[in-house]
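[1] whatever this is, show me its structure:
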Amino acid sequence: MSKEVQIHAHDPKGDLFEGLFPVLYSVEGWVRGSYSRQSQTSALLAEVASGGLRNKDVLDMGCGYGTTTFAVSSFFPASITAVDNSSAMTEIMTFLLLGDGDIEEWLIQRGAREVLSWRFERTRDYLKFFRQCFRQNSFWSSSHLRVITSSLMDFSANSFFDAVVANNSIHWPINHLKKESAEKGVELETDQCIVVVLAKLRTLLKSNGVLVVMEPRQLATLDTDLFRAENFDRFGSNNNPVFVKLNLLLNRILRERYSVERGSPKDL
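    Numbering: from 1, shown residues only. Take a look at the predicted model:
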């Protein structure tokens, strides 16, 4: 087993995921488990669409702390390259899946006992179980995992992938492009940003590769007041008043540019 960690250009997501944010994400794993189920669905879609992931090279773009990587590994790929633009996320993923350090000590050193309060023991046990399950998988002993810190737009690979999985992650580069264009006085529209992001993901695929993109039912992006941390703290990502629904935009782009029909949520 080997790993390769690269640090590329700064991405705004890093500002939102400093410190214990990845650990707080993991709390959801044992409280609700919805993100883990979404990761399993993404991996299954990649397995079916690719005709089987066994002995293939997979890119997990926006890997977080590794739930989608873990789900993909159960289909015995030859390799997984896991990429996230948050160094805090890749740090905890590297520690959990590739490291041998004591999980409880690691959490305590980062103040998790004070932050998590009564949730500390359950979260610690969940992360221990997460590591144990991954290492019981034959992928752990026979294949290759790389964990890389990079934004999507800065990421480059030495080879192409049979499958690219972007689970609950493309809203980050979309928001980054909107912010970057606004700072330059260009003012890209949201649908333009979506096209750029999808095109970038396509460049990472082999000629017969498959792309699996999953987002929450209400795919959201910041429309104004980009990356106001106080709003995230106050409202949370799902209720932020500057979020807008993008499902219809995404559906139109997929239909017109890629001939892909995607169902719309009933509540849109």
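
[2] pLDDT at residue 14, what is it?
    Residue 14 is assigned 44 on the pLDDT scale.

[3] which parts of stretch 185-203 are buried?
    Residues of stretch 185-203 classed as buried under the neighbour-count rule (16 or more other Cβ atoms under 10 Å) are 188, 190, 191, 192, 193, 194, 195, 196, 197, 198, 200, 201. The C-beta positions use only the backbone N, C-alpha and C, and glycine is treated the same way.

[4] how far off centre is that stretch?
    18 Å (Cα atoms, centre = their mean, to the nearest Å).

[5] show me the shaky parts of the chain.
    1-22, 25, 28-33, 142-143, 216-251, 258, 260, 262-268 (pLDDT under 70).

[6] need the single longest strand in it, by residues.
    strand 205-214 (DSSP state E).

[7] report the buried residues of that one.
    So, applying 16+ other Cβ under 10 Å, buried residues of strand 205-214: 205, 209, 210, 211, 212, 213, 214.

[8] dihedrals phi and psi, residue 41?
    Main-chain dihedrals, residue 41, degrees, to the nearest 10: phi -60, psi -40.

[9] what's the first helix or strand after whatever helix or strand residue 48 lives in?
    Using DSSP states H and E, residue 48 maps to helix 34-49. Once the chain leaves helix 34-49, the next helix or strand it forms, by DSSP H and E, is strand 57-61.

[10] distance check, the residue positioned nearest the centre of the chain against residue 69.
    Centroid-nearest residue in the chain, with Cα atoms, centre = their mean: residue 62, separated by 2.6 Å. Going from residue 62 to residue 69 by Cβ to Cβ, to the nearest Å gives 11 Å.

[11] surely residue 26 touches residue 123?
    Yes. Judged on Cβ atoms under 8 Å, residue 26 makes contact with residue 123 at a distance of 6.0 Å.

[12] okay, these two: which has more neighbours?
    Each of residue 26 and residue 123 has its neighbours counted (other Cβ atoms under 10 Å); residue 26 has more, 27 against 23.

[13] tell me who's in contact with residue 63.
    By Cβ atoms under 8 Å, 6 or more residues apart in numbering, residue 63 lies in contact with 69, 82, 83, 84, 89, 90, 93, 147.

[14] would the fifth one count as being in a strand?
    No. With the criterion set as DSSP: H, G, I helix; E, B strand; the rest coil, the secondary structure at residue 89 is helix rather than a strand.

[15] could I get the full set of strands for the stretch 1-150 of the chain?
    Taking DSSP state E, counting those that start in this stretch as the criterion, the stretch 1-150 of the chain contains strands spanning 57-61, 79-84, 144-149.

[16] which helices and strands does the shortest one pack with?
    On a contact count with 3 or more Cβ pairs under 8 Å, 6 or more residues apart in numbering; DSSP states H and E, strand 57-61 meets helix 67-73, strand 79-84, strand 161-167.

[17] where exactly do the helices run in the chain?
    Under the criterion DSSP state H, the chain contains helices at 13-16, 21-31, 34-49, 67-73, 87-93, 103-109, 112-116, 120-136, 138-142, 171-183, 190-203, 229-235, 247-258.

[18] of those, which is nearest residue 159?
    When these are ranked by proximity to residue 159, the top entry is helix 190-203, at 12.4 Å, counting by Cβ to Cβ.

[19] for that closest one, C-alpha coordinates in CSV please.
    Taking C-alpha atoms only, helix 190-203 is exported to CSV below (Å, rounded to 0.1, in the frame of the first residue of the first chain):
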residue,chain,number,x,y,z
THR,A,190,-24.0,29.3,-12.9
ASP,A,191,-24.7,27.2,-16.0
GLN,A,192,-21.4,28.2,-17.5
CYS,A,193,-19.6,27.1,-14.3
ILE,A,194,-21.4,23.7,-14.4
VAL,A,195,-20.2,23.2,-18.0
VAL,A,196,-16.6,24.0,-17.1
VAL,A,197,-16.7,21.6,-14.2
LEU,A,198,-18.2,18.8,-16.2
ALA,A,199,-15.7,19.4,-19.0
LYS,A,200,-12.8,19.2,-16.5
LEU,A,201,-14.1,15.9,-15.1
ARG,A,202,-14.4,14.5,-18.7
THR,A,203,-10.8,15.2,-19.4
